[in-house]
Every structure is written in C-alpha cells, then in structure tokens.
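# the sequence isn't on hand, but the structure is:
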C-alpha cells in the first residue's frame, strides 16, 4: 500500500475547535488550519480562486489581519439551518500575500506560542 504524500510546502497547525472569524467585508468563516504561508477556512457559498482577500485571525490568535489570495475553493456540503434556506458549505485554501515584518513576526509568534494549535 502506498502512503499519500502531503503536498503542503510547510506544516499547518490544525485547529480542532475551528474558531469563527471574518474576512474583509465581514464574510463569516471558520479557521480550519494555519501555517506561516497560508490558512484553510470553511465558509458558506463559494470564493473565486485568485481573488484577493484579507483574513482576520480571531482574538485568541492575536486579532491579526493578513492579506491573502484564494488558491482553491471546493464545495464540501450543504448547511440546512431549521427554518432557513440551505447554503453551500465550502472549504478554501488561502496563501498569504507578502507580509510586512510585523505581520510575519506576529504570525510566527502565534504559531509557536498558542497551546490551542496542534500540528
């Protein structure tokens, strides 16, 4: 049996609780994982690959806003809240745009200092 190789360039810290956060413009997302070069998110509807965005990391992770590009987006299911219309649930991979020194340092510190993160 062959093992599936992880295609990620750097390890990601998986967030078991998937904290709620936002993207630029107020779009609600859940943070699935994060690394020094990108993040995985879960959200309603679809994001266009190649689009520019900003991801706001939630307060336990420093209330940091990072510029990013949507690298991919896949529909992962459907959300059917009681008494409401159903919505597509998607997962997207974000790659952070070039970060300034302060953003890079804060992200590196967060990845090394947060006990909630499990690689």
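Great, that's in hand. Fair warning: this is a prediction, and the values are worked out from it, not measured in the lab.
# from residue 112, how far out is the residue nearest to residue 41 when sequence neighbours are not counted?
Leaving aside its chain neighbours, residue 41 sits nearest to residue 29 (4.4 Å; criterion: C-beta to C-beta, 6 or more residues apart in numbering). Heads up, the C-betas are built off the backbone N, CA and C, glycines and all. Counting by C-beta to C-beta, to the nearest Å, the gap from residue 29 to residue 112 is 23 Å.
# of those two, which one has the most company?
Neighbours of residue 29 and residue 112, each counted by other C-beta atoms under 10 Å, are more numerous for residue 29; the result is 23 against 10.
# what bridges to that one?
residue 21, residue 43 (DSSP bridges).
# ok, it - contacts?
Contacts for residue 29 (C-beta atoms under 8 Å, 6 or more residues apart in numbering) come out as 20, 21, 22, 23, 41, 42, 43, 55.
# quick check: the gap between it and residue 108.
Counting by C-beta to C-beta, the gap from residue 29 to residue 108 is 22 Å.
# now residue 17
Counting by C-beta to C-beta - residue 17 and residue 108 are separated by 22 Å.
# could I get the contacts of residue 29 as TSV with neighbour count?
Output for the contacts of residue 29, formatted as TSV (neighbours: other C-beta atoms under 10 Å):
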residue	neighbour count
20	10
21	21
22	15
23	20
41	26
42	15
43	19
55	22
